[in-house]
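>>> structure of the sequence below:
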Amino acid sequence: NHPGASDVASLPRATDVRTFWNSSVCNMHCDFRNRVSEIVRSMPERHSGIDANTDVVGFIHNKGRNAVHPDFIRGMLTTKIIVLAQRDRWED
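Okay, here's the model as predicted:
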């Protein structure tokens, strides 16, 4: 059962802030991205009441470029703020 477009904004969003990345996935050209994930992960230590998540969700590496995993969509729909970061030396 999928909500309609008008219902998406009213979905419960238990997670305050998240990335879909952490240092367990990449160790090459990922210093900035990993640092951003570490800042998000540590938010609850600095701000009580914040729920942060940096779990890797869905497909990774090349497979993730060709298909969207349902868990990724679920993570987007249950989180208030999604934080994104590019790989080192990559441009938008």
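
>>> quick one: the strands in the chain?
Assigned by DSSP state E, the chain shows strands spanning 15-18, 52-53, 79-82.

>>> these into a markdown table, with extra columns for mean pLDDT?
Shown next, in a markdown table, are the strands of the chain (pLDDT from 0 to 100):
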| stretch | mean pLDDT |
| --- | --- |
| strand 15-18 | 95 |
| strand 52-53 | 95 |
| strand 79-82 | 94 |
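
>>> as a markdown table, those with mean neighbour count and distance to residue 40 would be great.
Where you see a C-beta, it was placed from the backbone N, CA and C, and this is true even at glycine. Formatted as a markdown table, the strands of the chain follow (neighbours: other CB atoms under 10 Å; distance: least, CB to CB, whole Å):
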| stretch | mean neighbour count | distance to residue 40 |
| --- | --- | --- |
| strand 15-18 | 19 | 6 |
| strand 52-53 | 20 | 5 |
| strand 79-82 | 14 | 9 |
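
>>> in CSV: those, plus distance to residue 39.
What follows is the strands of the chain, written out as CSV (distance: least, CB to CB, whole Å):
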stretch, distance to residue 39
strand 15-18, 10
strand 52-53, 9
strand 79-82, 13
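
>>> wait, which of those strands is closest to residue 24?
strand 52-53 (13.7 Å; CB to CB).
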